[in-house]
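S.K.: just coords:
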Ligand SMILES: *[C@@H]1O[C@H](CO)[C@@H](O)[C@H](O)[C@H]1NC(C)=O
Ligand SMILES: *[C@@H]1O[C@H](CO)[C@@H](O)[C@H](O)[C@H]1NC(C)=O
Ligand SMILES: *[C@@H]1O[C@H](CO)[C@@H](O)[C@H](O)[C@H]1NC(C)=O
Ligand SMILES: *[C@@H]1O[C@H](CO)[C@@H](O)[C@H](O)[C@H]1NC(C)=O
Ligand SMILES: *[C@@H]1O[C@H](CO)[C@@H](O)[C@H](O)[C@H]1NC(C)=O
């Protein structure tokens, strides 16, 4: 009698236990990094506006980084040490987004090398006890006007494809930020797209408002692969922004 009465109480207690909050460590180049005089990406907007209820994040984006320099410069070792530090209290996720600098001839990094470097990042995160999320590179805001309809020039297409190959080879999760940002930029057109420029003539890096728009886009994409984070109230995209992103309508926070 007593035992059967205890069972529902036990289940109620178990279901009321809070889940473990996520900790996002953001690895990448200047299109992830904090806004500064010559860099700035989506990372701070993501951390500032989409994490709630004890979820946390740190932006380890580094201006000018490639998949090679990020490791040789010690930035990657820092990220892995943070996974070790936070993994007992959080679900640690490491977003990995490179390509803008890897593709420059001066970097001397072939696409197969870039792919292999991303695969090694995935293995390293798993060995450290975290969960990797590969991110295809944020689109630049360069438009081709030759057809009459301004259309984003797909100058990161090889890096996008390689990131997806790296995810498939390692069975890692990925989000296709390159496609989502390209579609959005095609939809809103150049005049509105340029309002997100870090400086008037910087078509790569984004200002604070751009960071919040594209940071929200990243959160919306992560919601699609990890819906439990949204269900538990850890990851929320501003509803007006989400509606605008879904309709391809310009949004200014
Ligand atoms: C993030 O928050 C910090 C601290 O309030 C602020 O200085 C920074 O401009 C914010 N950046 C973005 C992109 O929201
Ligand atoms: C480019 O990398 C290859 C392979 O690592 C190396 O053999 C070559 O010397 C490098 N070229 C330059 C110009 O650095
Ligand atoms: C396309 O049009 C936009 C908006 O007028 C302009 O800023 C951009 O420089 C043009 N692109 C090219 C490649 O000429
Ligand atoms: C790939 O990952 C998924 C979950 O992320 C898992 O369910 C599946 O078993 C994995 N497959 C292999 C071959 O490791
Ligand atoms: C979304 O952001 C706007 C400012 O951009 C703010 O006015 C609004 O209250 C926010 N909505 C929610 C649901 O937080």
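M.R.: Arrived safely, thanks for sending. Predicted model, so just to flag it, every value in this text is computed and none were measured. Ligands and ions are numbered 1, 2, ... in the order given.

S.K.: now do the same contact list for the residue of the stretch 51-200 of the chain found nearest ligand 5.
M.R.: Of all residues in the stretch 51-200 of the chain, residue 52 sits closest to ligand 5, at 10.5 Å by Cβ to the nearest ligand atom. C-betas here are computed from N, CA, C, even on glycine. For residue 52, the contact set (Cβ atoms under 8 Å, 6 or more residues apart in numbering) comprises 233, 234, 235, 236.

S.K.: the last one contacts residue 230, doesn't it?
M.R.: When you say that, I think you mean residue 236. Yes. Contact criterion Cβ atoms under 8 Å: residue 236 and residue 230 qualify, at 6.8 Å.

S.K.: rewinding a little: now render the contacts of residue 52 as CSV, adding distance to residue 220 and secondary structure.
M.R.: Putting the contacts of residue 52 into CSV (distance: Cβ to Cβ, whole Å; DSSP: H, G, I helix; E, B strand; the rest coil) gives the following:
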residue, distance to residue 220, secondary structure
233, 16, coil
234, 14, coil
235, 9, strand
236, 10, coil
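
S.K.: next one: the residue nearest to residue 153 when sequence neighbours are not counted relative to residue 192, how far apart?
M.R.: Closest residue to residue 153 apart from its sequence neighbours, by Cβ to Cβ, 6 or more residues apart in numbering: residue 142 at 4.6 Å. Residue 142 sits 15 Å away from residue 192, going by Cβ to Cβ, to the nearest Å.

S.K.: can you list the residues of this structure near ligand 3?
M.R.: Counting by Cβ under 6 Å from any ligand atom, the chain comes close to ligand 3 at 143, 144, 145, 150, 190.

S.K.: let's go with 8 Å and repeat that
M.R.: With Cβ under 8 Å from any ligand atom as the criterion, the chain comes near ligand 3 at residues 142, 143, 144, 145, 150, 153, 189, 190, 191, 194.

S.K.: compare the contacts of residue 52 and tell me which is most surrounded.
M.R.: residue 235 (24 neighbours; other Cβ atoms under 10 Å).

S.K.: can you pull the contacts of residue 243?
M.R.: residue 249.

S.K.: any idea how many residues pack against the closest residue to residue 151 other than its chain neighbours?
M.R.: Distances taken as Cβ to Cβ, 6+ apart place residue 144 nearest to residue 151, at 5.3 Å, with adjacent residues excluded. Using other Cβ under 10 Å, residue 144 is surrounded by 11 other residues.
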